[in-house]
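> Here is my input; please provide its structure:
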Amino acid sequence: MRFNLHFHFMAKPLDHYEEHRTGTVKAARLFSNIVSPPVLFAILGLVFALYERPSWHGLLWAAAYGFFVSLLPILLVLYLLKTGYITELHMSDTGERHVPYISAVLSAGIAFLLITFFDGPELLRCLTIFNMIELATLGVINAFWLISMHATGIMATFLLAGLVFGWAYSLIVLPFVILVCVIRLYLKRHTVWQVIAGLALGLATVYLLTVIGCFV
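All right, here's what the predicted structure looks like:
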């Protein structure tokens, strides 16, 4: 109850009400929806799969990864939104995030098992491990505090692009890191510390994966 009360006393995000979603607020919300973790990791999954297996096999593995890690969790969130279990797409109330996070971890776990037992691309196997750790950690933190999942996702994308393709290529992602952070603050979806914590979590999780031999 304490955490839900905290939410109600927080200032409403600029895009919370539909009538406010015009002009720059509308553009910022659209950008946030496009450069969101499910979209980012679907793209990463496609690029990683084709990089390791540049054939239709790579495409099939990318599709399987994208379905379980990105599409299925999105479809669940849309269903929960339609049925009234959650009140808005971005789930500012942390209490609404429990079911989406748990289901996303389980879905990523299924992807990991498929990739592992059917000899899928190693980069995708590592990516599913990352997804499980990241989502589980976000889920635990969000039980107490509204950390920025967007910041975590974009920081991880920046670092993974650098580790796999070289840091010169990661510079392509760097402007998006800055934009995501600025826009989440502009929309008042997060505080500065929530964004910084999200960036730190992305960094820490990627580092942990390199320690166990992934992406290196």
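> Now the residue sitting nearest the centre point of the chain: closest residue in space, sequence neighbours ignored.
Residue closest to the average C-alpha location in the chain (CA atoms, centre = their mean): residue 37, at 2.6 Å. Residue nearest to residue 37 in three dimensions, not counting chain neighbours: residue 153, with 3.4 Å by CB to CB, 6 or more residues apart in numbering. C-beta here means a position set from N, CA and C on the backbone, and glycine is covered the same way.
> Next up, the contacts around the nearest residue to residue 173 once chain neighbours are set aside.
Once flanking residues are discounted, residue 173 sits nearest to residue 158: 4.4 Å by CB to CB, 6+ apart. Neighbour list for residue 158: 170, 173, 174, 176, 177 [criterion: CB atoms under 8 Å, 6 or more residues apart in numbering].
> Among those, name the ones in helices.
Among the contacts of residue 158, the residues falling in helices (DSSP state H) are 170, 174, 176, 177.
> Adding neighbour count, pLDDT and distance to residue 211, write the residues you listed out as CSV.
Below are these laid out as CSV (neighbours: other CB atoms under 10 Å; pLDDT from 0 to 100; distance: CB to CB, whole Å):
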residue, neighbour count, pLDDT, distance to residue 211
170, 18, 94, 19
174, 14, 97, 24
176, 15, 97, 26
177, 19, 98, 23
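> pretty sure the residue nearest to residue 37 contacts residue 43?
No: if you go by CB atoms under 8 Å, residue 153 and residue 43 don't touch, sitting 11.0 Å apart.
> between those two, who's got more neighbours?
A side-by-side neighbour count of residue 153 and residue 43, using other CB atoms under 10 Å, places residue 153 first with 24 against 15.
> Could you give the separation of the helix or strand where residue 154 lies from the chain centroid?
Assigning secondary structure by DSSP states H and E places residue 154 in helix 149-165. Centroid separation for helix 149-165 versus its chain: 10 Å, with CA atoms, centre = their mean, to the nearest Å.
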